[in-house]
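K.L.:
Below are the sequence and a predicted model for it; my questions follow.
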Amino acid sequence: AQKVTQAQTEISVVEKEDVTLDCVYETRDTTYYLFWYKQPPSGELVFLIRRNSFDEQNEISGRYSWNFQKSTSSFNFTITASQVVDSAVYFCALSEVPTAGNNRKLIWGLGTSLAVNP
Amino acid sequence: ETGVTQTPRHLVMGMTNKKSLKCEQHLGHNAMYWYKQSAKKPLELMFVYSLEERVENNSVPSRFSPECPNSSHLFLHLHTLQPEDSALYLCASSQDYWRGQIYEQYFGPGTRLTVT
């Protein structure tokens, strides 16, 4: 069965520290997508990145970077030089590309609550 | 207004009340979703609409009744809820919804529902 594990429930760092949020997934499919979303205190989930299983290149977007390792089934997210505004809950999600007759679903992790303190 | 909006932001209702949650998306998307977010549980997909047609109904109790009058608006009608239905209800939209493509979803801020 598909599963997403975010083992870190809460992380607390001091501003300007680097922080890595772990995401480990399980799937029997060879074709799938991985996502990261951010949920600030205001409530809405904000899309950060989508990665398909055939693209193992790491991605960098400003202070954010993602490390996709198929060999360890991990899709980790690093924030460099963290800021107070990065405080939020971060969710990792997995979606399979469906076979005929199936509707795809997003399988969500439980989230990691990140607190960045001044 | 931009993005996805939801009203009300907070709602307290008794178990015998009837209320509705409203969602509106200003992104020109064709698909809309209702999710339930409870503490210590993964996000639960409740309903999906694509071009105003319901395409997913994930074993949601009948006390939750969705309505999608057009591709920009989505409602969740609530009646005779239970205390365990207290949660954050999130609406989302995506460009489309069909097999073979995975689209990122854009979320509203949610309605915090408390059932007393």
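P.N.:
Nice, thanks for sending it over. Just so it is clear, the structure is predicted and the values come from calculations on it, not from any experiment. Numbers count the residues shown, from 1 in each chain, chains lettered A, B, ... in the order given.
K.L.:
which bits of chain B sit near chain A?
P.N.:
B:3-4, B:40-43, B:45, B:55-56, B:88, B:90, B:92, B:99-100, B:102, B:104-110, B:112 (Cβ under 8 Å from any Cβ of the partner chain). Every residue, glycine included, has its C-beta placed from N, CA and C.
K.L.:
Pull out the buried residues from these.
P.N.:
B:4, B:42-43, B:45, B:56, B:88, B:90, B:92, B:102, B:105-110, B:112 (16 or more other Cβ atoms under 10 Å in any protein chain shown).
K.L.:
Chain A: strands as residue ranges?
P.N.:
Taking DSSP state E as the criterion, chain A carries its strands at A:3-5, A:10-14, A:19-21, A:24-26, A:32-39, A:46-52, A:59-61, A:64-69, A:74-79, A:88-96, A:106-108, A:112-117.
K.L.:
Dig out what the residue most central in space within chain B forms beta bridges with.
P.N.:
Per Cα atoms, centre = their mean, the C-alpha nearest to the average position across chain B is that of B:W34, at 2.5 Å. Taking DSSP bridges as the rule, B:W34 bridges to B:F47, B:C91.
K.L.:
quick one: contacts for it?
P.N.:
B:C23, B:L45, B:M46, B:F47, B:P66, B:L74, B:L76, B:Y89, B:L90, B:C91 (Cβ atoms under 8 Å, 6 or more residues apart in numbering or on different chains).
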